[in-house]
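Q: show me the folded form of this:
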Amino acid sequence: MDVQIVKSPNRQEWHRPSWDEYFLKLAMLTSERATCPRMHCGCVLVRENNILATGYNGSLPGAPHCYDVGCLVVNDHCVRTNHAEINAICQASRHGISLDGATAYVTNMCCTNCAKALVAAGIRRVVVFTNYHDSLAEQFFAEANIVLNRMPMPERIIHYDVGQYTSITPWKDDGCDCNHKEHT
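A: You can find the predicted model right below:
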């Protein structure tokens with residue numbers, strides 16, 4: 001068998017995101033599932049660089065979505081939806097996953113209630129790239145010795161160019177409508 005080491009000619013153009021950038025980009029992608037037009041937020045819960053659970057702000061399972069029936073606003077807050085952090089914690093709970101010692105990657109700074117829930121769930125680090133108004137999150141994180149890291153927003157580009165890889169070719173369009181619209 002003839003084995004060769006072939007080096008990429010484009011090494012300078014290659015960008016491998018840090019773990020923090022990677023998980024924040026996944027939180028951004030997760031936020032695209034949000035069902036409330038007032039804000040899209042995504043949360044990815046991670047331990048030892050493994051994803052434990054994800055969440056986005058959305059209605060309760062089986063309940064109508066804000067985009068479909070409108071927001072249910074009380075004191076200037078939509079109460080029809082759970083926030084991303086709560087949905088991620090609930091997903092972990094439903095699957096029997098402990099969050100003790102995990103990191104939460106969240107697109108937006110947590111509201112006060114979500115911060116308290118992350119503290120109670122055992123999260124040890126929170127990474128965000130935007131702020132949230134009128135939140136006591138920083139106070140609760142500091143009291144619980146949770147590390148809060150603010151990072152710049154990751155670039156909104158996925159670097160994947162099928163044409164540059166020699167071992168694959170693009171899938172041919174067979175006319176299938178692969179954009180199924182589901183409300184799950």
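
Q: make it CA atoms for all contacts and neighbour counts henceforth
A: OK.

Q: from Ile123, how far off is the residue nearest the centre of the chain?
A: In the chain, the C-alpha closest to the average C-alpha coordinate belongs to Ala27, at a distance of 1.8 Å (CA atoms, centre = their mean). Computed with CA to CA, to the nearest Å, the distance linking Ala27 and Ile123 is 16 Å.

Q: with Leu29 instead?
A: 21 Å.

Q: what about those two, which has more around it?
A: Higher neighbour count among Leu29 and Ile123: Ile123, with 24 against 17, using other CA atoms under 10 Å.

Q: how near is the more buried one to Glu138?
A: Distance from Ile123 to Glu138, counting by CA to CA: 14 Å.

Q: shared neighbours of the two, which are they?
A: Residues touching both Ile123 and Glu138 by CA atoms under 8 Å, 6 or more residues apart in numbering: none at all.

Q: pull the residues that contact stretch 15-28.
A: Stretch 15-28 has contacts (CA under 8 Å, 6+ apart) with 41-44, 49, 54, 105-107, 127-128, 154, 156.

Q: circling back: phi, psi of the residue nearest to the centre of the chain?
A: For Ala27, the backbone dihedrals (degrees, to the nearest 10) come out as phi -60, psi -40.

Q: for it, which non-adjacent residue is spatially closest?
A: Of all residues not flanking Ala27 in the chain, Gly42 sits nearest, at 4.6 Å (CA to CA, 6 or more residues apart in numbering).

Q: what's the helix or strand for Gly55?
A: Assigned by DSSP states H and E, Gly55 belongs to strand 50-56.

Q: so what are the sheet partners of the helix or strand just after that strand and their directions?
A: Moving toward the C-terminus from strand 50-56, the next helix or strand (DSSP H and E) is strand 58-59. If you go by DSSP bridges, strand 58-59 pairs up with strand 81-82 (antiparallel).

Q: what's the first helix or strand after the strand it pairs with?
A: Scanning forward in sequence from strand 81-82 by DSSP H and E, the next helix or strand is helix 84-94.

Q: show me what the helix or strand that that following helix is followed by is packed against.
A: Using DSSP H and E, the helix or strand that follows helix 84-94 in sequence is strand 103-106. In this structure, strand 103-106 makes packing contacts with helix 19-31, strand 42-47, strand 125-128, judged by 3 or more CA pairs under 8 Å, 6 or more residues apart in numbering; DSSP states H and E.

Q: tally of neighbours for Met144?
A: You called it Met, but residue 144 is Ala. Here the number of neighbours of Ala144 (other CA under 10 Å) works out to 15.
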